[in-house]
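Visitor: Sequence first, then the predicted structure, then my questions.
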Amino acid sequence: MMNLTHWPPGLPLHLELPQTALHYNLEVAAARYPGRAAIAYYGSTLTYSELKRQADTLAGFLQQRCGVGKGDRVALYMQNSPQFVIAFYAILRADAVVVPVNSMNLLEEVRHIVLDSGSKVAIFGQELACNLVPLLGASLDHAISACYSEYVKADTDLTLPEVVASSREPAAGAIDWSEAMDSGCVPGPSSSGPADVAVIPYTSGTTGAPKGCIHTHASVMHTAVGSGEFCRLAKDQVALASLPMFHVTGMQMSMNALVYRGGTIVLMTRWDRRTAAMLIERHGVTAWTATPTMLIDFLAQPGLDGFRLDSMLMLNGGGAAMPKAVAEKIEQVWGLPYVEGYGLSETMAPSHTNPPHRPKAQCLGIPLQDTTAIIVDPETLLPLAANAVGEVLVNGPQVFSGYWGKPEATETAFVEVEGMRFFRTGDLAYVDDEGYFFMVDRLKRMINAAGFKVWPAEVEALLYGNSSIQEACVIGFRDAHRGESVKAVVVLRAGHSLTEPDLIAWAREHMAAYKVPHRVEFVEQLPKSATGKVMWRALQEKEFASAQ
């Protein structure tokens, strides 16, 4: 039974979802707020009426010129831009399925997703042409190339990323975005409903080739609507969109949730901490979903006190636990808590988030409306009592239908416990006595040091207590005596110095002996994914490879 002691006051336990397709949200917003800025992009704006008109035109073009029909998959390979938002809603309006592709993916990675999803049409940013054009004529029938600078129409003193400043460069064999916009095409009637497939995001591929997660209009709608309701976000919110929209967190929290409420998306193509501060000040940003990595960088910038940042009403995110020292700095700057949440591609962003009125630090939060989450023994699947560490299982409207074209993987991903079908997250956590979930680690990330189980995330959190450490990632290394031992890969703060013996000595004073790193490697930066998550697996694989 779910502990509801700290459920947000006045929030219904059940979320009544709109029984419409996702793209209808844009139609409603454009009818209600036609002149409101839907997107603010480096000093230029696109209103809701303009956004809907361009999405409709592109939808018609996809249908009439590219042969896109209901249920067809269309790859969307692009960085944050007005064109990403337009293309996303255009694909849905064409009754097709969005296949978002990580803009950091290279040719073979893109080829895998295109082939696996069966996409015959792609919409891409021109800077990514070298990773997509080679697929034309073989895997792809049509591709539309977008130039971001075409949507920066006003002069600006904001620093433009190179990809935004670049002028149009035609891609061989691809259709120019402007041709689609000038086509005057009108889409046919839409027949999509809640049960139809809407988006197939691909997993990160950390345990093999990436797999497509099948999400319907209903499962996408649940977190687009529910997360905002849970956090009591206003319909006229102004949100800074700095997370990549090809990832489900950015897609939902910085795009779909905003369109549903008719809010303004203050869009960043690439992360830049000074530009972020300028945008918050100029647009009166009220909400920002950001990773701890972004906020650590943002708060460390010189001259931050010179910006007016007091418009912020909600600051949330996830992906990694927020270090206590950084959370305290956030309280100093904004007078707000950092509201952490938890979700996966398979749950279309949040399955959990902290109650905004009573969040806990370094905590996943509590399950959202209509969501059931339990902790079980990973081997027996028996439910565990409070404070016992086990695997997180999730059941809810936002859970995906299965992996695209992979029935065996789908079957493995789900289990039945006490008559209810749950998705196995592969994450280890525990629930405290008040019903809050706390991450311990990934199921397969545990370090076995002489029989003692060491959870790297716990050691990382302890290491952040050292004032000289900016970032840390803990991995295991093979030890002839102990089997495995702990290694810390550390980034030092600017102007700080620390030696391996010093850090090990400090660790011995702050954590149990079996958790203390036996090796320390100092690096200038940790490898990160496009969403800002530290790629611990890459470091782990490198370590094991070097030991062979």
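Guide: Now that the structure is in, tell me what you want to look at. Values in this document were obtained by computation on a predicted structure and should not be read as measured data.

Visitor: After the helix or strand of the chain with the lowest mean pLDDT, which helix or strand is next? Please name it.
Guide: One helix or strand of the chain scores below all others by mean pLDDT, DSSP states H and E: strand 452-454, with a mean of 74. Beyond strand 452-454 on the C-terminal side, the first helix or strand identified by DSSP states H and E is helix 456-463.

Visitor: Alpha carbons of stretch 338-351, as PDB, please.
Guide: Only the C-alpha atoms of stretch 338-351 are listed here, as PDB (Å, rounded to 0.1, in the frame of the first residue of the first chain):
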ATOM      1  CA  TYR A 338      15.900  21.300  -5.900                       C
ATOM      2  CA  VAL A 339      13.100  18.900  -6.500                       C
ATOM      3  CA  GLU A 340      14.500  15.600  -7.600                       C
ATOM      4  CA  GLY A 341      12.700  13.000  -9.700                       C
ATOM      5  CA  TYR A 342      13.200   9.600 -11.300                       C
ATOM      6  CA  GLY A 343      12.300   8.000 -14.600                       C
ATOM      7  CA  LEU A 344      13.600   6.100 -17.600                       C
ATOM      8  CA  SER A 345      13.000   6.000 -21.300                       C
ATOM      9  CA  GLU A 346      10.700   3.100 -20.600                       C
ATOM     10  CA  THR A 347       8.500   5.300 -18.300                       C
ATOM     11  CA  MET A 348       8.600   8.400 -20.600                       C
ATOM     12  CA  ALA A 349      10.500  10.500 -17.900                       C
ATOM     13  CA  PRO A 350       9.100  10.600 -14.400                       C
ATOM     14  CA  SER A 351       7.600   7.700 -12.600                       C
END
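
Visitor: and that stretch, which residues are buried?
Guide: Residues 338-351 are the ones in stretch 338-351 that count as buried (16 or more other Cβ atoms under 10 Å). C-beta coordinates here come from the backbone N, C-alpha and C atoms, glycine included.

Visitor: contact partners of the longest helix anywhere in the chain?
Guide: Counting by DSSP state H, the longest helix found in the chain is helix 48-64. Contact with helix 48-64 is made by 23, 26-27, 29-30, 32-36, 38-39, 46, 68-69, 74, 82, 85-87, 89-91, 93-94, 96, 121, 144, 180-181, 183-188, 262, as judged by Cβ atoms under 8 Å, 6 or more residues apart in numbering.

Visitor: What is the subsequent helix or strand relative to that helix?
Guide: Sequence order places strand 73-77 as the next helix or strand after helix 48-64, per DSSP H and E.

Visitor: and the angle for that following strand with helix 48-64?
Guide: Put simply, strand 73-77 runs at 130 degrees to helix 48-64, going by axes from the mean of the first three to the mean of the last three Cα atoms, to 10 degrees.

Visitor: Please identify the pairing partners of strand 73-77 and their relative orientation?
Guide: Here strand 73-77 is paired, per DSSP bridges, with strand 97-101 (parallel), strand 121-125 (parallel).

Visitor: follow-up on the earlier one: any chance of the buried residues of stretch 338-351 in CSV, plus pLDDT and secondary structure?
Guide: Shown next, in CSV, are the buried residues of stretch 338-351 (pLDDT from 0 to 100; DSSP: H, G, I helix; E, B strand; the rest coil):
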residue, pLDDT, secondary structure
Tyr338, 94, coil
Val339, 94, strand
Glu340, 94, strand
Gly341, 94, strand
Tyr342, 93, strand
Gly343, 93, strand
Leu344, 92, strand
Ser345, 92, helix
Glu346, 96, helix
Thr347, 97, helix
Met348, 97, coil
Ala349, 93, strand
Pro350, 95, strand
Ser351, 97, strand
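
Visitor: Next, give me the two most distant ones among those residues.
Guide: Greatest spacing in the buried residues of stretch 338-351, by Cβ to Cβ: Tyr338 and Glu346 (24.4 Å).

Visitor: nearest residue to the residue nearest to the spatial centre of the chain other than its sequence neighbours?
Guide: The residue lying closest to the centre of the chain (Cα atoms, centre = their mean) is Thr249, at 3.0 Å. Counting by Cβ to Cβ, 6 or more residues apart in numbering, Thr249 lies nearest to Ala349, which is 5.0 Å off, once chain neighbours are set aside.

Visitor: thought that neighbour was touching Met253?
Guide: Yes - if you go by Cβ atoms under 8 Å, Ala349 and Met253 touch, sitting 6.4 Å apart.

Visitor: joint contacts of these two?
Guide: Counting by Cβ under 8 Å, 6+ apart, the common neighbours of Ala349 and Met253 are Ser227.
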